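J.: pasting the structure only:
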């Protein structure tokens with residue numbers, strides 16, 4: 001199993017993975033099986049590189065480039081990211097990535113789309129399977145499956 005497959009499997013099992021220096025932090029650790037621990041050891045360098053090499057949010061994917069300024073979904077994403085104090089260029093690029101995700105039918109979500117998230121924190125961290133409230137920006141920007149996710153509803 002490669003690093004990407006393992007990351008997806010952990011997400012499917014309700015776990016989050018983050019890189020802290022040369023360590024992998026998996027939450028909740030209590031869900032790790034011996035089989036998963038062995039798989040983690042096997043691909044740890046690749047997994048660390050993958051986590052550290054989170055997509056450059058300033059580089060939109062191909063579908064993002066096809067979006068028009070009038071795209072309502074993209075504008076909603078941009079507005080939410082700007083309220084979270086993202087720089088405008090980064091917000092527009094990441095919104096394009098979210099639109100690309102939507103068009104591909106990918107059901108994963110980012111913390112930025114959740115009503116429980118505010119910069120660096122998850123108000124629903126226990127239900128999301130996290131050991132603490134703190135959420136790194138790298139984790140928040142990854143697409144993942146989260147049992148505590150609740151869509152952000154604009155006021």
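T.: Right, received. Where do you want to start? Everything numeric here is computed off the predicted structure, so don't read it as measured data.

J.: Find the nearest non-adjacent residue to residue 121, please.
T.: Once flanking residues are discounted, residue 121 sits nearest to residue 133: 5.2 Å by CB to CB, 6 or more residues apart in numbering. Where C-beta positions appear, they are placed from N, C-alpha and C, glycine not excepted.

J.: ok, the one you found - contacts?
T.: 121-123, 125 (CB atoms under 8 Å, 6 or more residues apart in numbering).

J.: Now rank the residues you listed by neighbours and give me the top one.
T.: When neighbours are counted by other CB atoms under 10 Å, residue 122 leads these with 24 neighbours.

J.: Contacts for stretch 118-130, please.
T.: Taking CB under 8 Å, 6+ apart as the rule, stretch 118-130 contacts 14-16, 27-28, 31, 84-85, 111, 114, 116-117, 131-137, 140, 146-150.

J.: Just the buried residues from these, in PyMOL please.
T.: Buried members of those can be picked out in PyMOL with the line below, counting by 16 or more other CB atoms under 10 Å:
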select buried, resi 14+15+16+27+111+114+116+117+135+136+140+146+148+149
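
J.: In strands, which of the contacts of stretch 118-130 appear?
T.: Taking DSSP state E, the ones among these that sit in strands are 16, 27, 117.

J.: and the least confident of the residues you listed?
T.: By pLDDT, residue 16 ranks lowest within the ones in strands among the contacts of stretch 118-130, coming in at 83.

J.: For the closest residue to that residue other than its chain neighbours, give me its contacts.
T.: Computed as CB to CB, 6+ apart, the closest residue to residue 16 that is not its neighbour in sequence is residue 27, at 5.1 Å. Contact analysis of residue 27 by CB under 8 Å, 6+ apart lists 15-16, 18, 129-132.

J.: can you give me the strands in this protein?
T.: Under DSSP E, the chain gives strands at 16-20, 23-27, 117-118, 121-122.

J.: got the contact list for the first one?
T.: Outside of strand 16-20, the residues within contact range by CB under 8 Å, 6+ apart are 7, 10-11, 24-27, 47-48, 51-52, 128-130, 136, 138-139, 144.
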